[in-house]
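Student: Got a predicted model here, sequence first, then my questions.
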Amino acid sequence: MNSTTVDDSILISRFQEIRRQTMSLCHPLTTEDYTVQPHEDVSPPKWHLGHTTWFFENFILVPFAKEYQIFNTKLNWFFNSYYESQGPRINRSQRGNMTRPSIKTVFGYREYVDQHLEQLLLDEHPNKPEIQKLLEVGLQHEQQHQELLVMDIKYILGSNPTFPKYLADKTNPTNNAKNKTTFHTIKEGLYSIGHSGENFCWDNEQSTHKVFLEAFSIADSMVTNGEYLEFIDAGGYNNHEYWLSEGWEWSKNIEVKAPMYWFKNQGDWQEYNLKGGLQNLDPDAPVTHINYFEADAFAAWRGMRLPTEFEWETACKILQPKIPDTANFLEKNNLSTSSKEDSKNFQFFGDAWEWTASSYLPYPRYPRFKGALGEYNGKFMVNQMVLRGGSFGTPTSHIRSTYRNFFPTNKRWQITGIRLVKNN
């Protein structure tokens, strides 16, 4: 983690803004929505609100705030996620079975912790630099859970047969100009990978190291719904030649041979999204909610491949070194992928996380977090694939070209898509 000491008032303002953003994501929910857990990968919104609060209480207030009284010691069991060092916890798959604590209690918990944390930041404290660094980790952690909230809320509502709308109506976007995807060549060479500088980054983005890359060509935009539909119509889900062995076994067992949230209605494909509910499929929007197996099979069908995470990062730094204002992130409030427009055709950031062909492994000289936070990233470096670029659920201030997201190969409730690469 890189971080610098900053003015307390700036930190407090940022803390308040991020905490408000989390609550605003929950405002459209009904009381019943806060507790339901339709799948073991999905956590109830109530749990996200409590867990992010527990993080601040457990890792900052308890060790550093003099005479701090824990809000409720029983909540540690409910809101601890996976920290073995922090004691026993509820099984992830059972989070939705707990009607208590009530959502009223969780709201009170957030207010209680917020008040004490803001006071701690105002106090003179001999460990102020360490407190500020831990607070930054907590804020970045909460921003991760904002995206998880978007994903989980979509699953909760999208698995309901009434397909309820989360926000106001969103008309299907139209695209009169069919922009053609262009492939850009990256020359053979030795490139620097990883985060450098004093701004915050996760431990898994360090340390900076060199990689040699053969020349390759990478698409300047993501694969669209229309392109993926061609794969479906060509029998892509029924041809073992395109699939990895594990992926082929997975594909044979899925009920609908299409991305998650696609539904066929009287011969036409529709897609569920948060703003519009169930809508006609937009052929020009990036395809989302596919797993690694599907992404890899599509690439094979096209005679191409997925980029490695090193190719993706290198191409991004060369072709789009700054995040454009048009990038489709959480603050845009689209809550779905955007149809191609001239200003959005060329993009490496936003819309959907992009699968890479790289396993999630530590970089050379990986500086794992010390103490309890050492469990944050390092323990998951097995049986996962790296994704890059952020999604429409990612907060803008949370993403960068070196950010390494990771998921197992068979998961697709997360907001994921495809970018293609060709060998030169």
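Tutor: Right, received. Where do you want to start? Residues are numbered from 1 along each chain as shown.

Student: Just the strands from this protein, written as ranges.
Tutor: For the chain, strands defined by DSSP state E occupy the ranges 183-186, 189-193, 209-213, 216-219, 262-265, 268-273, 277-280, 353-359, 385-388, 405-407, 416-417, 421-423.

Student: The first one - contacts with which helices or strands?
Tutor: Other elements packing on strand 183-186 under the criterion 3 or more Cβ pairs under 8 Å, 6 or more residues apart in numbering; DSSP states H and E are strand 216-219, helix 309-319. Bear in mind the C-beta positions are built from the backbone N, C-alpha and C, glycine included.

Student: out of these, deepest packed?
Tutor: Ranked by mean neighbour count, these are led by helix 309-319 with a mean of 21 (mean count of other Cβ atoms under 10 Å).

Student: quick one: low-confidence parts of the chain?
Tutor: The chain contains residues with pLDDT under 70 at 1-6, 169-179, 339-345.

Student: Report the central residue of it.
Tutor: Nearest to the geometric centre of the chain sits residue 147, at 5.4 Å (Cα atoms, centre = their mean).

Student: In contact with the nearest residue to residue 320 once chain neighbours are set aside, which residues are there?
Tutor: The shortest distance from residue 320 to any non-neighbouring residue, by Cβ to Cβ, 6 or more residues apart in numbering, is to residue 348 (4.6 Å). By Cβ atoms under 8 Å, 6 or more residues apart in numbering, the contact set of residue 348 is 312, 315, 316, 319, 320, 388, 389, 401.

Student: Out of those, which comes closest to residue 83?
Tutor: Comparing the contacts of residue 348 against residue 83 with Cβ to Cβ places residue 388 closest, at 26.5 Å.

Student: where do the helices sit along the stretch 251-400 of the chain?
Tutor: Per DSSP state H, counting those that start in this stretch, the stretch 251-400 of the chain carries helices over the ranges 292-301, 309-319.

Student: Can you give me the end-to-end span of stretch 26-38?
Tutor: Stretch 26-38 has its terminal residues 17 Å apart, counting by Cα to Cα, to the nearest Å.

Student: I'd like the numbering to begin with 544 instead of 1 from here.
Tutor: Sure, I'll start numbering at 544, so the last one becomes stretch 569-581.

Student: buried stuff in that stretch?
Tutor: 569, 572, 576, 577, 578, 579, 580 (16 or more other Cβ atoms under 10 Å).

Student: circling back: quick check: the residue nearest to residue 863 vs residue 754, distance?
Tutor: 18 Å (Cβ to Cβ, to the nearest Å).
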